[in-house]
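Undergrad: Output the structure for:
(2 chains)
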Protein chains: 2
Amino acid sequence: MSLTVVGSIAFDSVRTPFGERERMLGGAAVHFSLAASFFTEVRPVGPVGNDFGAAEFEVLERRGVIVDDIERVEGGQSFFWAGHYDYDLNVAHTDDTQLNVFADFDPKLSPASEAADILFLANIQPDLQHRVRARCGAARFTALDSMNLWIETAKDSLLAAIAEVECVILNDAEIRQLTGESNLARAARAVMDLGPRAVVAKQGEYGAALFTREGFFALPGFPLEDVRDPTGAGDSFAGGFLGSLDSNEGELDEASLRRAMGYGTVLASFNVEEFGTERVSRLTREEIDERFEALRAMTQFEPLPAA
Amino acid sequence: MSLTVVGSIAFDSVRTPFGERERMLGGAAVHFSLAASFFTEVRPVGPVGNDFGAAEFEVLERRGVIVDDIERVEGGQSFFWAGHYDYDLNVAHTDDTQLNVFADFDPKLSPASEAADILFLANIQPDLQHRVRARCGAARFTALDSMNLWIETAKDSLLAAIAEVECVILNDAEIRQLTGESNLARAARAVMDLGPRAVVAKQGEYGAALFTREGFFALPGFPLEDVRDPTGAGDSFAGGFLGSLDSNEGELDEASLRRAMGYGTVLASFNVEEFGTERVSRLTREEIDERFEALRAMTQFEPLPAA
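TA: Numbers count the residues shown, from 1 in each chain, chains lettered A, B, ... in the order given. Below is the predicted model:
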């Protein structure tokens, strides 16, 4: 049981109709690691600058995240993203992106990171994803995220990276764009034809759908009356999803994948309740399991008797 | 067990990326009635013109729909809608609307229609919905649909109509617009505060969510590789939903509502596979139940053993 994630470690400035924050701890590898930390041992791999200090490391270390492979680039600044959301929280508006140390990111994996059972290639340049995948030869399950930028500018590289992973986790619009197929079921099949055995379509507040060769499974987003900041929801989903898979000692079968979808949904739902990592960093496993059972009850035809 | 629906009976000309049809049988009351006909006795109430002939009546009668309350307006023309869809089948583009006999529609209900156990007020002017509701005093469950036009031009009337029904069935965007609340869970609660015990949020290809005072339930759209014409999907959903409820002799409890959501989802999925009423008019109850069981299997955490 061990999980490695390669991706951004960042500061985010975010404004939503429900508040704003300056330079919060963020980035795909951070949201992913915190979510996965409730299930397994996680090693984030990514670069930070001098501005990344003890306070930031402490948020990760308090959750048991192993920070050995966070690379401190002397004299550099960490990746920075500024954005805002209007009332439609499904749409992020980017106000500023400063790649900083992330621009020249060349992932350096320790032997422990390379030995991971499960690997998550967060949204980074697909040639890097491909190279990291090749180094982690022991991984029994690798998942990959990406974005429209790479579909548009590095599609062949992305297709080559996808061919080497077991699972693709993308927004449904990205799956359509990648395959040029407007029907999601057909688009997911086209992705599986490239190699992966599973495709997870993230659908924002509508939840997420899992396509495999064996079947189809879907979960709604957990219904919340207070959503404050959706930043990191997708990576929290991936962290819950792959963390749950890694905690599974048996075969990664259809039932494991469905349970993992549930934990992904639950972690994403906690993530969006407050800004940045605020909610997940003080979450408990008991709260996670309680919400998982609530989600199960919400998706069964036979409702549970009232408690 | 009897179900009355008041709404449009129409001819539709539709173009999608997958084909086109001229002057197909359509309209809310037609799609609803055909879907509900697999579960119970249905009486559509609505006006048609001289252009509505034996061929159209036959489609309904072959499915056992009771056409006595379809009002033939001599010298008039039936409601006509023309529209098209691009690759995003969630968005209908209207090219032409001719209300014709529907412009002066004043619902005339026979004693049998008035005695319905379940009533569906399809999308018509809300004062008419209110008046029909008042006449059907025996109905144990009434559901109402509406549209952005009435939210914008007759909101007070619509709120008064909603106060008299058990269930509102709207697109999620309409629920948000009606309540001025961007969060769907809050918006659904605001609708229930007006009176209804249940709110169904239709979410296009993402499926549908059920909000009640007791809980939350959601189903994905049934995954289809071939969707040809989404026209009538919402009314087919409502027909499956209320038809299933009406076939339920016991209390209309949470379990009945959830099962009804399943049948609504299944009927909508058949509807969109072909143009207009083509698919549903030759559907069988066996096909419906088979897809219902497939949908159940797709939404359980524990997948069924392979058949």
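Undergrad: mind checking which helix or strand the residue positioned nearest the centre of chain A is in?
TA: By Cα atoms, centre = their mean, the mean C-alpha position of chain A lies nearest to residue A:235, the distance being 2.2 Å. Assessed by DSSP states H and E, residue A:235 sits inside helix A:233-246.
Undergrad: Residue A:4 should be in a helix, yeah?
TA: No: counting by DSSP: H, G, I helix; E, B strand; the rest coil, residue A:4 falls outside a helix, being strand.
Undergrad: list the contacts for it?
TA: Going by Cβ atoms under 8 Å, 6 or more residues apart in numbering or on different chains, residue A:4 touches A:42-45, A:69, A:109, A:113-114, A:116, A:118-120, A:136, A:139. Yep, even glycine has a C-beta here, placed from its N, CA and C like the rest.
Undergrad: what about the closest residue to residue A:245 other than its chain neighbours, how many residues close to it?
TA: Sequence neighbours aside, residue A:260 is the residue nearest to residue A:245 in space, at 4.8 Å (criterion: Cβ to Cβ, 6 or more residues apart in numbering or on different chains). For residue A:260, the count of nearby residues is 28 (other Cβ atoms under 10 Å in any protein chain shown).
Undergrad: Which of the three states applies to residue A:260?
TA: helix.
Undergrad: is it true that residue A:84 lies in a strand?
TA: Yes: Residue A:84 forms part of a strand when assessed by three-state DSSP.
Undergrad: State the pLDDT value of the residue nearest to residue A:74 when sequence neighbours are not counted.
TA: The shortest distance from residue A:74 to any non-neighbouring residue, by Cβ to Cβ, 6+ apart, is to residue A:50 (6.8 Å). Listed pLDDT for residue A:50 reads 96.
Undergrad: Residue A:50: what's it in contact with?
TA: Residue A:50 touches A:72, A:74-77, counting by Cβ under 8 Å, 6+ apart.
Undergrad: The nearest residue to residue A:157 once chain neighbours are set aside and residue A:27, how far apart?
TA: Nearest non-adjacent residue to residue A:157, counting by Cβ to Cβ, 6+ apart: residue A:126, 4.0 Å away. Counting by Cβ to Cβ, to the nearest Å, the gap from residue A:126 to residue A:27 is 18 Å.
Undergrad: Of these two, which one has the most company?
TA: residue A:27 (27 against 23).
Undergrad: Please look at the more buried one and residue A:10 and confirm they touch.
TA: Yes: the pair residue A:27 and residue A:10 qualifies as a contact (Cβ atoms under 8 Å) at a distance of 3.3 Å.
Undergrad: Identify the contacts common to those two.
TA: By Cβ under 8 Å, 6+ apart, residue A:27 and residue A:10 have these common neighbours: residue A:79.
Undergrad: Closest approach to chain B from the stretch 1-150 of chain A, which residue is it?
TA: The nearest approach of the stretch 1-150 of chain A to chain B comes at residue A:87, 4.1 Å away (Cβ to the nearest Cβ).
Undergrad: do whichever strand or helix holds residue A:199 and chain B meet?
TA: Element membership of residue A:199 [criterion: DSSP H and E] is strand A:198-202. No: contact of strand A:198-202 with chain B is not found when judged by Cβ under 8 Å from any Cβ of the partner chain; the minimum separation is 10.2 Å.
Undergrad: so where's the stretch 201-307 of chain A shaky on pLDDT?
TA: A:304-307 (pLDDT under 70).
Undergrad: same thing but 80
TA: Counting by pLDDT under 80, the ranges of the stretch 201-307 of chain A that qualify are A:303-307.
Undergrad: Run through the helices of the stretch 151-300 of chain A in chain order.
TA: According to DSSP state H, counting those that start in this stretch, the stretch 151-300 of chain A carries its helices in the segments A:155-162, A:172-179, A:184-192, A:233-246, A:254-273, A:285-298.
Undergrad: Ok, which of those helices comes nearest residue B:278?
TA: Checking the helices of the stretch 151-300 of chain A against residue B:278 by Cβ to Cβ gives helix A:184-192 as the closest, at 20.6 Å.
Undergrad: which strands and helices sit next to that closest one?
TA: In terms of contacts (3 or more Cβ pairs under 8 Å, 6 or more residues apart in numbering or on different chains; DSSP states H and E), helix A:184-192 is packed against helix A:172-179, strand A:198-202, strand A:208-212.
Undergrad: go again using 10 Å as the cut-off
TA: Applying 3 or more Cβ pairs under 10 Å, 6 or more residues apart in numbering or on different chains; DSSP states H and E, we find helix A:184-192 packed against helix A:155-162, strand A:167-171, helix A:172-179, strand A:198-202, strand A:208-212.
Undergrad: Any chance of these in TSV with mean neighbour count as columns?
TA: Shown next, in TSV, are the helices and strands packed on helix A:184-192 (neighbours: other Cβ atoms under 10 Å in any protein chain shown):
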stretch	mean neighbour count
helix A:155-162	18
strand A:167-171	26
helix A:172-179	20
strand A:198-202	25
strand A:208-212	24
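Undergrad: Using CSV, please lay out those together with distance to residue B:295.
TA: Putting the helices and strands packed on helix A:184-192 into CSV (distance: least, Cβ to Cβ, whole Å) gives the following:
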stretch, distance to residue B:295
helix A:155-162, 29
strand A:167-171, 24
helix A:172-179, 19
strand A:198-202, 17
strand A:208-212, 13
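Undergrad: Distance check, residue A:181 against residue B:290.
TA: Using Cβ to Cβ, one gets 26 Å for the distance from residue A:181 to residue B:290.
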